[in-house]
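Enquirer: the following comprises the amino acid sequence and a computationally predicted model.
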Amino acid sequence: MDYKNMFVEDLYDLLKSKIDKSMIRKMIEKPKYEEMGDLAFPCFELAKIYRDSPLNIAADLANKINTSNLYEKIEPVNGYVNVFLNKKEVSSGVVYEVISKKEDYGNLNIGKDGVVTIDFSSPNIAKPFSMGHLRSTVIGNALALIYEKCGFKPIRINHLGDWGTQFGKLIVSYRMWGDEQKVKKNPIKELLNLYIHFHEEAEQNESLNEEARQWFKNLENGNKEALELWKWFRDESVKEFSKIYELIGVQFDSSQGEAFYNDKMEKVVHLLEKKDLLQESEGAKVVQINNELPPCLIKKNDGTTLYATRDLAAAIYRQDTYQFVKSLYVVGNEQTLHFKQLFEVLEKMGYEWHEGLTHVPFGMILKDGKKMSTRKGKVVLLEQVLNEAIELATKNVMEKNPSLESKENVARQVGVGAVIFHDLKNYRLNDIEFSLEDMLRFEGETGPYVQYTHARASSILSKGNYQENNENINITDKEAWTIITSLMVFPDVIKRAFHGNDPSQVAKYLLELSKAFNKFYGSVRILDDYEKKQERLSLVHSVQIVLKEGLRLLGIEAPYKM
């Protein structure tokens, strides 16, 4: 039951001639302090409409709202209508709903089975999977799960960076300094070394960059040697990436990288010419957009293509293939201009579906306050971080619970969960300073804290021999109310995460629910009172369900024992 919506309906009955339901719902707040009520409606915006003071409007509304089983008390305070929900009635209703719906609690039908394509992760082949690619991977994966929860059908796309001038550089470097046996033995490490070595040499010898451009052109023109080397680099990279994705539990519906669109770009160029959008500028082909944005470069003066050309081809292909209603690009802040240009060009081409395209930008993971750089060799490898997190989790398990079954699996769940949660608890647009110490901390506002709370709830249910019974749920403990109000807003949290493309809403919520539950656990002896034991266990079970589902939406597993 949506208690907030019931309050909306009561207010709408009194205000419908002046304000609509959606505005009322947006205006309703949760008071900062419990003693100020459970829901509050501010009347300041109504002052202009009614030409009266917010205090008088609030007093009038509070007087006219019918008290029912839903409300214990309604009072006007400083221009707000504060309502206190009927604790016993609402508590039992919320717990009943969570236990009845289980993992479906919080499901929304916003999407109505519409397809959303989500372009995320997208590492560059022949380079190691660095911490820099963690953000796109975990944000994109969480958004796919959140959109699915909201009634969409997500198509997860890993648009691999497997084309472009950097492969000309790598081919030149391998031909000049590469050792086939070394590359076969440790492909990603050696290819990275070759890539770094090229940039060091090119600083002294500018002609190497021209040679690299020529080799990329050879690659685009189907040169046999270039294609064989490119395919070898790509295959080895995909094998390495697969290990990472398996470790963090991320899967894709499509891993067609930039190269897949190589034979689809001429069609885009032809369409642009046909619509009279393509112009020549200093030997290159561009699309003029507007005065605010620079022209979108479609072909360089040497005839080679660019990101924009491939992304135009990819967008058209995805619409033709999936008929998406929304398409998300989970790509860093620094590509904002690129996506503005891309969406503008698609609009100029007459594609109405361009309105469903959204760039979901995010901040960087910084090292010592600076951006990580592959070409300068300043990277932190994600696999290394994950392995260290798992090692630390294993050490903790051995110290605290050495007899635990499936220790290795639990350590993996906790270690990987710590890394993912550390990223997702931060609002995506913020930069994050890389700190292994903070990431792997197992106390405070961390993934392991939420996982441990879930394991604690599971342990209590097991010790109490909990028998699920939806017929007679009756929650009477006053101390349970903070948990109830937290459980109640879970669907709203999911809605906010969806509308803001913001998984941190879910992560922060899980921390609050965990704190509320642990406070309850510390003040109420759940298993000691025989008469109240089952009702309390029902509350514990509802917390366990929501914690597990919330973690799942972030791409994190919930161990039953830790």
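Expert: Cool, the structure landed.
Enquirer: what's the average pLDDT for stretch 84-94?
Expert: Mean pLDDT, computed over stretch 84-94, is 92.
Enquirer: buried residues of that stretch, list them for me.
Expert: Buried residues in stretch 84-94, counted by 16 or more other C-beta atoms under 10 Å: 84-87, 89-94. Using the backbone N, CA and C atoms, a C-beta is placed for each residue, glycine as well.
Enquirer: L194 - that's part of a helix, no?
Expert: Yes. Assessed with DSSP: H, G, I helix; E, B strand; the rest coil, L194 lies in a helix.
Enquirer: of all the buried residues of stretch 84-94, which two lie farthest apart?
Expert: Farthest apart among those by C-beta to C-beta are F84 and S92. That separation is 16.5 Å.
Enquirer: helices along the stretch 401-550 of the chain, start to end?
Expert: 407-424, 436-439, 447-463, 481-488, 490-499, 504-523, 530-553 (DSSP state H, counting those that start in this stretch).
Enquirer: which of the ones you listed has the lowest average pLDDT?
Expert: helix 436-439 (a mean of 74).
Enquirer: buried stuff in that helix?
Expert: Residues 436, 439 are the ones in helix 436-439 that count as buried (16+ other C-beta under 10 Å).
Enquirer: hmm, back to that, so of the buried residues of stretch 84-94, which ones are in strands?
Expert: Here DSSP state E is the test, and these give 84-85 as lying in strands.
Enquirer: how about the buried residues of stretch 84-94 in CSV, adding distance to M364?
Expert: Output for the buried residues of stretch 84-94, formatted as CSV (distance: C-beta to C-beta, whole Å):
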residue, distance to M364
F84, 45
L85, 43
N86, 48
K87, 46
E89, 49
V90, 43
S91, 44
S92, 47
G93, 45
V94, 40
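Enquirer: nearest to P42 among the buried residues of stretch 84-94?
Expert: For these, the minimum distance to P42 (C-beta to C-beta) is 16.8 Å, reached by F84.
Enquirer: wait, the closest one sits on A40?
Expert: No. F84 is not in contact with A40 according to C-beta atoms under 8 Å; the separation is 10.5 Å.
Enquirer: if we can go back for a sec, out of the buried residues of stretch 84-94, who's nearest N472?
Expert: S92 (9.2 Å).
Enquirer: where does the prediction get shaky in the stretch 251-400 of the chain?
Expert: Scanning the stretch 251-400 of the chain for pLDDT under 70 picks out the ranges 372-379.
Enquirer: can you rerun that using 50?
Expert: Applying pLDDT under 50 to the stretch 251-400 of the chain flags no residue at all.
Enquirer: mind checking how far stretch 466-484 is from the chain centre?
Expert: Relative to its parent chain, stretch 466-484 has a centroid offset of 32 Å by C-alpha atoms, centre = their mean, to the nearest Å.
Enquirer: restrict that stretch to CA atoms and write it as PDB.
Expert: In PDB, the C-alpha atoms belonging to stretch 466-484 read as follows (Å, rounded to 0.1, in the frame of the first residue of the first chain):
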ATOM      1  CA  TYR A 466      10.900 -18.600  11.700                       C
ATOM      2  CA  GLN A 467       7.800 -19.900  10.100                       C
ATOM      3  CA  GLU A 468       6.500 -17.600   7.400                       C
ATOM      4  CA  ASN A 469       2.800 -16.700   8.000                       C
ATOM      5  CA  ASN A 470       1.200 -13.800   6.200                       C
ATOM      6  CA  GLU A 471      -2.200 -14.300   7.900                       C
ATOM      7  CA  ASN A 472      -1.600 -12.700  11.300                       C
ATOM      8  CA  ILE A 473       1.100 -10.100  11.000                       C
ATOM      9  CA  ASN A 474       0.800  -7.700  13.900                       C
ATOM     10  CA  ILE A 475       3.800  -5.400  14.600                       C
ATOM     11  CA  THR A 476       3.500  -3.600  18.000                       C
ATOM     12  CA  ASP A 477       7.000  -2.600  18.900                       C
ATOM     13  CA  LYS A 478       7.500   1.200  18.900                       C
ATOM     14  CA  GLU A 479      11.200   0.700  18.200                       C
ATOM     15  CA  ALA A 480      10.300  -1.000  14.900                       C
ATOM     16  CA  TRP A 481       8.800   2.300  13.400                       C
ATOM     17  CA  THR A 482      12.100   3.600  12.000                       C
ATOM     18  CA  ILE A 483      12.500   0.300  10.100                       C
ATOM     19  CA  ILE A 484       8.900   0.500   8.900                       C
END
